[in-house]
Each structure stands twice: as C-alpha cells, then as structure tokens.
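K.L.:
give me a model of this one.
(2 chains)
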Amino acid sequence: MIAYLIRRIFYAIPILIGVNLLTFALFFVVNTPDDMARMQLGIKRVTPDAIEKWKQQRGYDKPLLINSAASGAGKITDTIFWQKSASMFVFDFGYSDDGRNISREIQTRMMPSLAIALPTFLIGLVVYVSFALLMTLFRGTALDIAGVALCVVLMSVSGLFYIIGGQFVVSKLWHLVPISGYGGGMGGIKFVVLPILIGVAGSIGSSSRWYRTIFLEEIGKDYVRTARAKGVSELAVLFRHVLKNAMIPILTGVVVVIPLLFMGSLLTESFFGIPGLGSYTIDAINAQDFGVVRAMVFLGSVLYIVGLILTDVSYTVVDPRVRLQ
Amino acid sequence: MMPVILWTDALIFLLITVGITAVWYIRQRPHLMLPWQRVARSSVGMVSLLVLSLFLLVGLLDSLHFRAALPEKSNGQTVYSPEVLSVFDKLVSGLRSRTEKTYSAPLTAYLYAKESMEAPGGKILRDYPRLKYGGAHLADPQRELVGDVAKRALLGAAGGLLVWVLLIAAVFVSFPRRRESSGLIGLDGRSSKLRCARFPACAGMMENKTLRAVLIATLIIAALIGAIANLAAAYHVLGTDKVGQDVLYLSLKSIRTGLVIGTVTTLVMLPFALLLGVAAGYLRGWVDDVIQYIYTVLSSIPSVLLIAAAVLMMQVVIEMHADWFETAAARADVRLLCLCLILGVTSWTGLCRLLRGETLKLREMEYIQAAQAFGVSSLRILTRHILPNVMHIVLISVVMDFSALVLAEAVLSYVGVGVDPTTISFGTMINAARLEMGRDPMVWWALASAFGFMLVLVLAANLFADAVRDAFDPRLNRTEGVA
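P.N.:
Presented below is the predicted three-dimensional model:
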C-alpha cells in the first residue's frame, strides 16, 4: 500500500507539471507582461517607463523561458517561468499585487473557509443520503415520485437564488442571524449557520437524486433478493446491505471533494463576506490579480490530485476485496 | 437595412442545420426512430419540449441581426446605424422603446421614486409621478387600474384561446389522415379503435394521453401569451429596471444568451470529446496515454478557476485589440463565443472519459473483432461500428449538460468572468438587481423575473433530458423495471 501511494504521488508530478505549463502559457504567453501592464495601468497613463516600472515591481521584467544574458544556472533560474511558475512546486506563490505574501494569506484564510465548507459537507452528506434512502424505501409509490419531482425542481433553481433568497428571508425578514460577516470562536457560530444551511439546501436536489439512482441500482441485484427471501426486513436490507454495497460509488464522488473543501466556495463566501479562500479568489479575479489566481489554480489541482489518491485509499477501507498494489 | 451575422448567430444556424439533417436522417431509419418514439410517448417529455421550442423560437428570432439604415445619407452612400438590432427587437419594438425614468413595479402607473411636481395651484409637492407609458391611458389610475388590468388580461387570454382553436382546427383540417396512419406523435395501437366515426383524428386524440397533455399545455401557453401580450401593450408587465428598461424585454432577450451558452458550448466541445475519447479507447497504447494525460491535467484544475483564468486572459486580449470589432455588439458577441469555447474546453473531459470507457468495452465485442478479422480498416470500424454505438451517450450527456450550462452562466457573470456587461443575460440581470434588495420598498421584480425565466427554461430542459435518458439508456430501463 505504501509502495502504491508513493507510485501515485510520482504519477502526480507530470500532471502538476502539465497544470503548471498550462497556467504559464495562459498567463504569460497568450498575453505578454506588457499587455497586462497596459491593462492594469489603464490606457491613459501608459508610457514605456510606467510599463517597465510595473513589470519591475512585480518581477515580470525577465525573459520568459531562457535568460541568455545571465550566466550558468541563471540562464534558467532568472526567468519568469522559473521564478513565477516553477517555484509553485515548493508552494512559494510570491506576492500579490498589494504586496502581501500569498502563501501566508492562504494559511490564514484556510480556517474560515473550512469552518463553512466542512460542516456543509458533513451535514449535506447525512441529509442527502437519508433523503435518498427514504425515497428508495418508498420506491414506486406516490411519495417517491413526489420526492423525485421535488428534486428536479430544486436542481433547476439557480444556486444564486438560494443564497439571495435565504439571506433575504432568514436575515432580513426574520432577523435571526446577521446577513454577512465572520468572527472566530463561539461568537462566530451565528455567522456560519446560514451559509451552511444554504450550502446544504443548494445541492439537495441533484445530490439526493444521484444517491437514489445508486441505491436503486444496488437494490435490483440478486443478493438483495436473496436477503429478502430469507425474511430480512426491508429496513435491514436497506441499511445493512444496500447502503454498505453502495459505498463504492458514493465514495467515488465524495472523497474527491474533501481536500477541495480547503478552497471554500466562491459564491457563498463572497455573498456572506467570509474572509476565506473563496472570497480571496473572487477578489483577485475582480482586481485582476494574476499572481493570486495562478496560485489558486495550482493549489486547486494539487488538492484535487490528493483527493483522487484518498479515494483509492478509501476503497480499501470499505471493501476488503480491493487491494492496492 | 444591412444584415449582420455575428459569430454566435452563424453557429446557432449551423446547429439548426445539423439538427434538421439529423431529424431527416433518423426519420429514414426505423431503428433510430424507436427511442425517439419512446420520448414522444412521454407526456412530460413532450410538454417540456414544447416549452423549450418556444424558448428556442425567441432565441432564433433574436439571432437574426441587422443594422438599420439611417435616414440621412453621406455622399449618396447609405449610412448604417451602429446599433445592431435583431428581428426579435423589431417585433417587440414597443417593449424596447418604451423606457421609463427609473424603477417601476409590475403593472403600475406610478414611478418607484418620488419627485417634486408642480400642482395646478403653483404649489410644489412631492409625490410619485405617473409613468410615461405604463398605464398612461388611464385618467385616474387609483380607481381604474385593477379593473383595466383584469379586463385586458381576460381579453388577451380570450384572444390567445381563439388563436389556439383556429390553429388546432387548421392542423386537423390539413392533416386528418396522416396523423392517424403514420402515428406522428406516437399514436399507439389504441388509436385504431376509433369511437367517433365523424372525426377520426379527434377521437384518436382523446385516447392519446400524451397528445392530450400537449394540447392542454398549448392551451395554457396560448392563453398566457395572449394575456401578457395584451397587457404589455399598455403596461410594464414585469416592471422596469434602474434605467427604466422593461424587465419583460430584458428577460426575453436573456433567453438567447442562455441558449447560446447551453448549445454552442456543446457544439464546440463535441468534436474534441468524440474524436479523442473514441481514439483513446480504440487505439490504446501511447495515444491513450497522451489523451488521458491531457484530460487528467485539464480536469484536475477546478473548473471555475480555469474558466476565471482563461476569461481574464481573454479580456486582456479583447481590450488590447479594440480595433478588431466594428460594433460594440460584435465585441460582446466575440466575448460570448470565447466564453462558450472556454466552457467547452473545461467541460469536454467528462464526456471524453465516458466515451473512452465505452469504446474500450465495445472494441472487445464479437462484431468488432469480426470486422477486424475481415481486414476492415481502423477508420472504417471507428466510423461504421463504434461511433453509432456511442451516440446515445453523446446525446444523453448533451441534453443533460444544457441546463447545467445555463445555470453556470448566471454564476459566472456574478463572479465577474461571465458575458460582457453589455450583453443582456440572466446573470447580468441578477447581478444588477441583487443590490436593490436592500431598498425600501424592495425592488424585487427584476430579480424574480430573471430567476423565474431561468427556472422555467432549466426545468423544461431537465425534464426533457430525463425523458431522453429514459428512452435511450438501456441500463436505466432495466433497473427501473426491476425496482
């Protein structure tokens, strides 16, 4: 298993290099640093001097891939690619446009993101699975049809509606919790309740329906019929057999997102004013801070790959037949 | 008048041509018709298709663009207005041109904000001024408004019903036989037991559940359209926005943007996904490795971030090359197209993976091995045997993606990486309206209209997608049968 994990981590390296090259191409080849400087400075104030100064401040005043002016290893290291892209492999993301250290910023903003995303994920999982199990239990009846219809309607509603509507009803009409903001410790609970609720409600339709499909697929199999024939009650069949055997497809979809929880949710965080990584990303997009966006892209893909590896590991936990080698 | 063909217009019409060709092709072949007949038998599927085709009609009319000629000529040459309009704009020119000063609630005769006005006695008083167009024909809106609205709505609905009756009658008069013999909309075996001898088509219709559902749906839609159209002639049915534009007009215009995002994205991603997925699965070896590597890299970047990064870069390019575009509409359109391309690039990986898996399974089938043994070339096996057998996956994923893409547009526009701010879309509407929730009294109508229209469109798309999936997915049918 250890050998397998090490091999998987080695496999991840070429993929991360690919991600890195892609972002590099996107950010520095499609648009030269000159273009970015002109865009950021605005059309009016553009002079060659100003562009040079902008590039120098941000370290963009170097050749892209090979610096023929430098000597020795400097030919490769004293370039934009090495300093801006390759350095991301050691999680050195450099500085944002307002002069702050991006790595440090990511560390401090991780906690608020997690405070929202983790409860949303856990509560959501319980709610969706229970709802789906309920529909499976009553499959074929009017209750099931109504449940599926509800799911289809819920998944047709825009995610923005849940946020705007939830904020309006809960915070503005009922004055139960503040509309937005964030605080640490126990006092911070009142800020995170609503985002969590809305996060759970937002994907109840699509997720429950998905789990229902998985359960239905499982319940049509022969071992379930055998269990029923032996006189096992329907509830026991559902919980002891169907739920357990449906774990593999459930884990496939679920474990991948666990590491990505660190990244937070773009929408929720920006609507509720939570100082997490999601709102950091949105602010960077709006301010066109390329350094931050690049860092988040890289971080996101690292976390995704970690998620894929975790998924494989989780299979061995729920299914003893799976052996990783 | 000078016709203008924007990039997305061209792609939409290309898509329509492809669609018509596909319909013609499928109609020739009974085995391909079979699953579609199953779709046609589903009431939900047909009603949602009806709603979708109405949206599509608005979108298509809105895709025929032109620039109107200005009245004055310079040196004998016609000068064209810089504003690009569409046939749809022309049809609802009333809605487009009747702009108020600022917000006004739906179906009202007064403006949202108070203004200083001169009373007859020369005194200045602050009150809600009358609207320039909404309810302008009323002498005393306080008293007459409710009655007038009800009267107009009823009259309009009655007009809609009349049109519906005429239309249905026309359909039955022109094809009384065909409907019966060819079973056009899935008339099943029961239609042969005709009870009503004088109106065979009519009797068949009453026996067919799907046809009945569709007829009832058209009835409701006709009445609704009639009522809204009649009201819209004198009122702002869904109110006006900050700069006084009619919200109904904005909502209808948003439909095209949603449709373009939902369909053109698929159009641009489909060739990649099909070609690479099938090639990876069939050829295996290093081709498979390379293709797998490409889609793993692309899918390992969280899609919102990749889209954000790509759109940011595209913005810089467009900003730097303002001289490429003749009109503002052309620029906004190129941005829309780029957004579709970017969404396509980020979303083809899922379909590609599915197709690869299916091809891996298919290539071990006996009939493929037989073809290989006969020395049929790889290219021919791919096009003759593999491609037709993975088409159902393509179709299902295309219809399922549509609604997700329409929803994604709104979110992306909110994040600031969506369509051009001047493009009317659900996202830009929501973005503009969401800050007005804090006003007192609340400005809710723009937000409600955008969400409402989006819900109807996405719901119809989802229901239709389900009907298509149920008809095409053999695996699903079996499990449903057992359960």
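K.L.:
please make it C-alpha for all contacts and neighbour counts, starting now.
P.N.:
OK.
K.L.:
report the helix or strand with the lowest average pLDDT across chain A.
P.N.:
When the helices and strands of chain A are scored by mean pLDDT, DSSP states H and E, helix A:74-77 comes last with a mean of 70.
K.L.:
for B:W445, what are its contacts?
P.N.:
B:W445 sits next to B:105-106, B:238-239, B:247 when contact means C-alpha atoms under 8 Å, 6 or more residues apart in numbering or on different chains.
K.L.:
chain A contacts on chain B?
P.N.:
B:293, B:296-298, B:300-302, B:305-306, B:308-310, B:312-313, B:316-317, B:319-320, B:403, B:407, B:410-411, B:415-417, B:434, B:437, B:451, B:454-455, B:458-459, B:462-463, B:479-480, B:482-483 (C-alpha under 8 Å from any C-alpha of the partner chain).
K.L.:
out of those, which are buried?
P.N.:
B:296-298, B:300-302, B:305-306, B:308-310, B:312-313, B:316-317, B:320, B:403, B:407, B:410-411, B:415-417, B:434, B:437, B:451, B:454-455, B:458-459, B:462-463, B:479 (16 or more other C-alpha atoms under 10 Å in any protein chain shown).
K.L.:
doesn't B:T78 fall inside a strand?
P.N.:
Yes: assigned with DSSP: H, G, I helix; E, B strand; the rest coil, B:T78 falls within a strand.
K.L.:
what are the contacting residues of stretch B:412-427?
P.N.:
Counting by C-alpha under 8 Å, 6+ apart, A:266-267, A:282, A:285-286, B:250-251, B:253-255, B:257-258, B:307-308, B:311-312, B:332, B:335-336, B:339, B:409-411, B:428, B:430-431, B:450-451, B:454 sit against stretch B:412-427.
K.L.:
repeat that for 6 Å
P.N.:
For stretch B:412-427, the surrounding residues in contact (C-alpha atoms under 6 Å, 6 or more residues apart in numbering or on different chains) are B:254, B:257, B:308, B:311, B:332, B:336, B:410, B:431, B:450.
K.L.:
how long is it end to end?
P.N.:
As for stretch B:412-427, its first-to-last residue distance stands at 7 Å under the measure C-alpha to C-alpha, to the nearest Å.
K.L.:
give me the element the closest residue to B:L351 other than its chain neighbours is part of.
P.N.:
Nearest-residue entry for B:L351: B:A273, 6.1 Å, with adjacent residues in sequence omitted and distances by C-alpha to C-alpha, 6 or more residues apart in numbering or on different chains. Taking DSSP states H and E as the criterion, B:A273 maps to helix B:247-283.
K.L.:
buried residues in that helix?
P.N.:
Those would be B:247-270, B:272-274, B:276-282, for helix B:247-283 by 16+ other C-alpha under 10 Å.
K.L.:
which other helices and strands contact the helix or strand following it?
P.N.:
Next along the chain after helix B:247-283, taking DSSP H and E as the criterion, comes helix B:285-300. The helices and strands touching helix B:285-300, judged by 3 or more C-alpha pairs under 6 Å, 6 or more residues apart in numbering or on different chains; DSSP states H and E, number zero.
K.L.:
show me the contact partners of helix B:285-300.
P.N.:
A:15, A:19, A:301, A:304, B:280, B:349.
K.L.:
put the alpha carbons of it into PDB.
P.N.:
Once non-C-alpha atoms are left out, helix B:285-300 reads as follows in PDB (Å, rounded to 0.1, in the frame of the first residue of the first chain):
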ATOM      1  CA  GLY B 285      -1.200   2.400 -26.400                       C
ATOM      2  CA  TRP B 286       0.600   5.700 -26.400                       C
ATOM      3  CA  VAL B 287      -2.400   7.500 -28.000                       C
ATOM      4  CA  ASP B 288      -4.400   6.500 -25.000                       C
ATOM      5  CA  ASP B 289      -1.700   7.600 -22.600                       C
ATOM      6  CA  VAL B 290      -1.400  11.100 -24.200                       C
ATOM      7  CA  ILE B 291      -5.100  11.700 -24.300                       C
ATOM      8  CA  GLN B 292      -5.600  10.500 -20.800                       C
ATOM      9  CA  TYR B 293      -2.700  12.800 -19.700                       C
ATOM     10  CA  ILE B 294      -4.400  15.800 -21.400                       C
ATOM     11  CA  TYR B 295      -7.800  15.300 -19.800                       C
ATOM     12  CA  THR B 296      -6.400  14.500 -16.400                       C
ATOM     13  CA  VAL B 297      -4.400  17.800 -16.500                       C
ATOM     14  CA  LEU B 298      -7.500  19.700 -17.600                       C
ATOM     15  CA  SER B 299      -9.900  18.100 -15.200                       C
ATOM     16  CA  SER B 300      -7.500  18.500 -12.200                       C
END
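K.L.:
and it with helix B:247-283, angle?
P.N.:
Put simply, helix B:285-300 runs at 150 degrees to helix B:247-283, going by axes from the mean of the first three to the mean of the last three C-alpha atoms, to 10 degrees.
K.L.:
and the helix or strand following helix B:285-300, how far out from the chain middle?
P.N.:
As assigned by DSSP H and E, the chain's next helix or strand after helix B:285-300 is helix B:303-320. The chain centroid and the centroid of helix B:303-320 are separated by 25 Å under C-alpha atoms, centre = their mean, to the nearest Å.
K.L.:
just stretch B:431-438 next, same as before
P.N.:
24 Å.
K.L.:
so for that stretch, what gets flagged as buried?
P.N.:
B:431-434, B:436-437.
K.L.:
which one of those residues sits closest to A:L310?
P.N.:
B:N431 (37.9 Å; C-alpha to C-alpha).
K.L.:
mind telling me what element the closest one is part of?
P.N.:
Going by DSSP H and E, B:N431 is part of helix B:426-434.
K.L.:
now do that helix and helix B:247-283, the angle between them.
P.N.:
On the basis of the same axes, to 10 degrees, helix B:426-434 is oriented at 140 degrees to helix B:247-283.
K.L.:
buried residues in the following helix or strand past helix B:426-434?
P.N.:
Remark: after helix B:426-434, the chain's next helix or strand is helix B:445-472, criterion DSSP H and E. Buried residues in helix B:445-472, counted by 16+ other C-alpha under 10 Å: B:445-447, B:449-451, B:453-472.
K.L.:
now A:T252: closest residue in space, sequence neighbours ignored.
P.N.:
Using C-alpha to C-alpha, 6+ apart, the closest residue to A:T252 is A:T311 (6.2 Å).
K.L.:
which strands or helices does the host helix or strand of that neighbour pack on?
P.N.:
Using DSSP H and E, A:T311 falls within helix A:290-318. Counting contacts by 3+ C-alpha pairs under 6 Å, 6+ apart, helix A:290-318 packs against helix A:257-260.
K.L.:
for the helix it packs on, list the C-alpha coordinates in PDB.
P.N.:
Provided in PDB are the C-alpha atoms of helix A:257-260 (Å, rounded to 0.1, in the frame of the first residue of the first chain):
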ATOM      1  CA  VAL A 257     -14.000  16.800  -2.900                       C
ATOM      2  CA  ILE A 258     -12.800  16.600   0.700                       C
ATOM      3  CA  PRO A 259      -9.400  18.200   0.100                       C
ATOM      4  CA  LEU A 260     -11.000  20.800  -2.100                       C
END
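K.L.:
now it: average pLDDT?
P.N.:
Average pLDDT, helix A:257-260: 88.
K.L.:
give me the next element, helix or strand, following it.
P.N.:
By DSSP H and E, the next helix or strand past helix A:257-260 is helix A:266-272.
K.L.:
report all helices and strands that the next helix or strand after that following helix contacts.
P.N.:
Going down the chain from helix A:266-272, the next helix or strand is helix A:277-286, by DSSP H and E. For helix A:277-286, the packing partners by 3+ C-alpha pairs under 6 Å, 6+ apart come out as helix A:266-272.
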